[in-house]
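Trainee: Turn this into a structure:
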Amino acid sequence: MGTKAIFLDRDGVINDGTLYYTYKISDFTFNEGVFEGLQMLRDAGFIFVVITNQAGVAKGLYTEHDVEVLHKYMCDELQKQGITIAGVYYCPHYPDISGPCECRKPGTLLIEQAIEKFNIDRKKSFLIGDGSRDIEAAERAGIKGIKIEKNESIVPYCKQIVQSIGEK
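Mentor: Model (predicted):
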C-alpha cells in the first residue's frame, strides 16, 4: 500500500507561467485556485511533488541557486496555507546545450526518484501539467496525467480527483 501523490508542474500550474523563465521571487505569482485545490487534495490524503524543467540554468539565464531560492519561497508560502510540498525536483538541462538526459520531461527520472523516495503508488497518483511533455512523462511513468491550460485554476480538476478516489 503506497502513498498517493499529486505531481505538479510548476510554471503555468502553480504559478503564472506567462514569463517563459521565472526565477525571481518578484516574478512568482501563485495562480488562482492553487491554494484551494491543493488543500482539497491534502484533505483527501495526497502528498505533493513538484517536477519542473528549468532549462534557463543550462542556458545561463539563472543559476541553480536562483532556482533553489525560488523553490524555498514557493514551499514556504504554500506551507503558510497548510500545504506541505514533500519534494521539489527540477531538471537544469537543455538538450541542445547539455545533451539529452532522462530528468527533463518527458523523461521520467525525477518522477521515478520521487516514487521510490516516498513509496508512491502509481495507480493512485496523478500529474497536473500544462504541457504535452508533462502528460507524456506521466504516462511513461505509469501515472494519470491531467492537462490544464496554462494558468488555469486547478480547482475543478482537484474536485474530479477527489471524486474519482471516493468512487473506488
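
Trainee: When you work out contacts or count neighbours from here on, use the C-alpha atoms and nothing else.
Mentor: Will do.

Trainee: now the closest residue to residue 150 other than its chain neighbours: how far from residue 39?
Mentor: Closest residue to residue 150 apart from its sequence neighbours, by C-alpha to C-alpha, 6 or more residues apart in numbering: residue 12 at 4.6 Å. Distance of residue 12 to residue 39, given as C-alpha to C-alpha, to the nearest Å: 19 Å.

Trainee: Check residue 136 too.
Mentor: Residue 136 is 26 Å from residue 39, by C-alpha to C-alpha.

Trainee: Looking at the protein, which helix is longest?
Mentor: Ranked by residue count and defined by DSSP state H, the top helix of the chain is helix 64-80.

Trainee: which helices and strands does it pack with?
Mentor: Helix 64-80 is packed against strand 85-91, with contacts defined by 3 or more C-alpha pairs under 8 Å, 6 or more residues apart in numbering; DSSP states H and E.

Trainee: Quick check: mean pLDDT of the strand it packs on?
Mentor: Averaging pLDDT along strand 85-91 gives 98.

Trainee: who does that strand touch, helix- and strand-wise?
Mentor: Going by 3+ C-alpha pairs under 8 Å, 6+ apart, strand 85-91 lies up against strand 47-53, helix 64-80, helix 109-118.

Trainee: re earlier: among residue 12 and residue 39, which residue is more densely surrounded?
Mentor: residue 12 (23 against 20; other C-alpha atoms under 10 Å).

Trainee: pretty sure the more buried one is touching residue 134, no?
Mentor: No: at 11.4 Å, residue 12 does not count as touching residue 134 under the criterion of C-alpha atoms under 8 Å.

Trainee: got any residues that touch both of these two?
Mentor: Between them, residue 12 and residue 134 share no contacting residue under C-alpha atoms under 8 Å, 6 or more residues apart in numbering.

Trainee: Low-confidence regions, this structure specifically.
Mentor: 168 (pLDDT under 70).

Trainee: can you pull out the helices in it?
Mentor: Using DSSP H, helices in the chain cover 34-43, 64-80, 95-98, 109-118, 132-141, 155-166.

Trainee: one step back: show me the contacts for the residue nearest to residue 150.
Mentor: By C-alpha under 8 Å, 6+ apart, the residues touching residue 12 are 18, 31, 129-130, 149-152.

Trainee: any idea how far residue 162 is from residue 115?
Mentor: Residue 115 sits 20 Å away from residue 162, going by C-alpha to C-alpha.

Trainee: what about residue 121, distance to residue 49?
Mentor: Residue 121 sits 13 Å away from residue 49, going by C-alpha to C-alpha.

Trainee: Overlap in contacts, those two.
Mentor: Residues touching both residue 121 and residue 49 (C-alpha under 8 Å, 6+ apart) are residue 5.
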